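*Asks:* Curious how this folds, go ahead:
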Amino acid sequence: MITTSELLARNCKERQTALSAATIVLWLPLVPGWAVEQGKLCRLFKFPNYYKSMDFVNAVALMTHAQDHHPELVVTYNTCLVRYATHSVNQGQGGLSENDFMCAARVSAIYEGMVGAA
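*Replies:* Numbering: from 1, shown residues only. Coordinates of the predicted model:
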């Protein structure tokens, strides 16, 4: 069984395969606060104001660019909804891959670092 620390230590890889439904169920507890909604790994992050929301978005952008695995981001005044999926798995039909969970763990770590520093 993989751990959250192991997820954080890994880097995204090209040519991922889709995770099975059983694996997704096993891995979901590794990324607390995240849920699978409409086939995507999702979490809503809350902030005290727009500036903090944008600080978070910029930090996520730097990480995702380095990993070359980009989420959908929906930004409002004091929230940011992050959604991950891998469009290239399942013969282009999309699904969840190891990359989605690795990046979700990193996004959570970014958030915890910001909230803890506040």
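
*Asks:* in the chain, which spans are strands?
*Replies:* When secondary structure is read from DSSP state E, the chain shows strands at 35-37, 40-46, 72-75, 79-84.

*Asks:* Give me the sheet partners of the third one and which way each runs.
*Replies:* Based on DSSP bridges, the pairing partners of strand 72-75 within the sheet are strand 79-84 (antiparallel).

*Asks:* quick check: angle from the strand it pairs with to strand 40-46?
*Replies:* Relative orientation of strand 79-84 versus strand 40-46 (axes from the mean of the first three to the mean of the last three Cα atoms, to 10 degrees): 160 degrees.

*Asks:* which residues touch strand 79-84?
*Replies:* With Cβ atoms under 8 Å, 6 or more residues apart in numbering as the contact definition, strand 79-84 has outside contacts at 37, 40-47, 53, 56-57, 60, 69, 71-75, 96, 99-100, 103-104, 107. In short, each C-beta sits where N, CA and C put it, glycine included.

*Asks:* Separate out the buried members of those residues.
*Replies:* Neighbour counting with 16 or more other Cβ atoms under 10 Å marks 40-43, 45, 47, 53, 56-57, 60, 69, 71, 73, 75, 96, 99-100, 103-104, 107 as buried within those.

*Asks:* and Pro32, how far is that from Thr76?
*Replies:* Per Cβ to Cβ, to the nearest Å, Pro32 is found 22 Å from Thr76.

*Asks:* What of Leu62?
*Replies:* Where Thr76 is concerned, Leu62 sits at a distance of 21 Å (Cβ to Cβ).

*Asks:* Equivalent analysis for Met63, please.
*Replies:* Counting by Cβ to Cβ, the separation of Met63 from Thr76 is 21 Å.

*Asks:* which regions of this protein lie under the pLDDT threshold?
*Replies:* When the per-residue scores of the chain are filtered using pLDDT under 70, the ranges that remain are 117-118.

*Asks:* Now do the longest helix seen in it and strand 40-46, the angle between them.
*Replies:* Of all the segments of type helix in the chain, defined by DSSP state H, the longest one is helix 98-117. Calculated by the same axes, to 10 degrees, helix 98-117 forms an angle of 10 degrees with strand 40-46.
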